[in-house]
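Enquirer: No letters, just coordinates:
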């Protein structure tokens, strides 16, 4: 009988300890905040050591941008063109590029828009209803890609997927090679003071009482995504600043 009592005592003690470990870090998928990270961190390799420092065969991609742009203050519109030179320093053969079109966050057509499930509140103004109606059509915001060509002027094939753009390369880009291409674009700037439409906008303009605008330009040009040994192409959608409920 004493052996059974001892066993029950041990089992209760283990359950209590595990419960305490979970309470240490209740928001984590793991029970104990002092848990070792050996099974979570990526396996060390020639590119990255166990400490996360660059390994003996570490590499990093390089992208050069030559950008020309014009700000139309009367219409709050930005127009630009860029020559992009991509250096493939990786050991991989690349067949396409992924580019980020962050400004599409403000578009009703190309906004990622999967990060929220907001519904119409019980009390709403006519402006609030107008915003919901606007979302059912193209509000005209986001990148307009007017040209995408290689260095010789030949049109490149591309696919826009919300805030991302996939560019097909005419020939595979081998390690050690570079690829030069041109991209022309424009977009309407967001009014950061219009909180019902552009809440959390990182870039755009702010109106002042004297009639002038303060322009705060962030993530304002199409740019290459990160390509690395641990994840390959970064191709997650850009969701901006949002409040998740």
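Expert: That came through, no problem. Just so it is clear, the model here is predicted, and its values are computed rather than measured. Numbering: from 1, shown residues only.
Enquirer: can we go C-alpha only for contacts and neighbour counts from here?
Expert: Will do.
Enquirer: dump the residue contacts of residue 235.
Expert: Neighbouring residues of residue 235 by Cα atoms under 8 Å, 6 or more residues apart in numbering: 98, 164, 225.
Enquirer: Phi, psi for it please.
Expert: Dihedral pair for residue 235: phi -130, psi 30, per degrees, to the nearest 10.
Enquirer: I'd like the distance between it and residue 182.
Expert: Taking Cα to Cα, to the nearest Å as the criterion, residue 235 is separated from residue 182 by 21 Å.
Enquirer: Take the contacts of residue 235 and write them to a markdown table, including secondary structure, distance to residue 215 and neighbour count.
Expert: Putting these into a markdown table (DSSP: H, G, I helix; E, B strand; the rest coil; distance: Cα to Cα, whole Å; neighbours: other Cα atoms under 10 Å) gives the following:
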| residue | secondary structure | distance to residue 215 | neighbour count |
| --- | --- | --- | --- |
| 98 | strand | 28 | 21 |
| 164 | strand | 24 | 26 |
| 225 | coil | 25 | 19 |
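Enquirer: For residue 67, state which of the residues you listed is nearest.
Expert: Distance to residue 67, by Cα to Cα, is smallest for residue 225 among the contacts of residue 235, at 17.1 Å.
Enquirer: Was I right to think that closest one contacts residue 234?
Expert: Yes - shown here, residue 225 and residue 234 form a contact pair, counting by Cα atoms under 8 Å, at 5.8 Å.
Enquirer: joint contacts of those two?
Expert: If you check residue 225 and residue 234 against Cα under 8 Å, 6+ apart, the residues they both contact are residue 98.
Enquirer: and after the least confident helix or strand in the chain by mean pLDDT, which helix or strand comes next?
Expert: Across the helices and strands of the chain, the lowest-confidence element by mean pLDDT, DSSP states H and E is helix 2-24, at a mean of 53. With elements assigned by DSSP states H and E, the helix or strand that comes after helix 2-24 is strand 62-72.
Enquirer: buried set for that next one?
Expert: Applying a neighbour-count criterion of 16 or more other Cα atoms under 10 Å, one finds residue 63 buried in strand 62-72.
Enquirer: can you tell me the average pLDDT over it?
Expert: The average pLDDT for strand 62-72 rounds to 97.
Enquirer: Identify all contacting residues around that strand.
Expert: Contacts with strand 62-72, where a contact means Cα under 8 Å, 6+ apart, come from 77-89, 224.
Enquirer: Which pLDDT value goes with the nearest residue to residue 221 once chain neighbours are set aside?
Expert: Leaving aside its chain neighbours, residue 221 sits nearest to residue 101 (7.4 Å; criterion: Cα to Cα, 6 or more residues apart in numbering). On pLDDT, residue 101 comes in at 95.
Enquirer: Now do the same contact list for residue 101.
Expert: When contacts are counted by Cα under 8 Å, 6+ apart, residue 101 is found next to 143, 163-165, 221-223.
Enquirer: One more pass at 10 Å, please.
Expert: Applying Cα atoms under 10 Å, 6 or more residues apart in numbering to residue 101 gives the contacts 110-111, 142-145, 160-165, 219-225, 237-238.
Enquirer: Make a ChimeraX selection of whichever of those residues turn out to be buried.
Expert: Of those, the buried ones can be selected in ChimeraX as follows, counting by 16+ other Cα under 10 Å:
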select :110,111,142,143,145,161,162,163,164,165,220,221,222,223,224,225,237,238
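Enquirer: Select from the contacts of residue 101 every entry located in strands.
Expert: With DSSP state E as the criterion, strands contain 144-145, 160-161, 164-165, 223-224 from among the contacts of residue 101.
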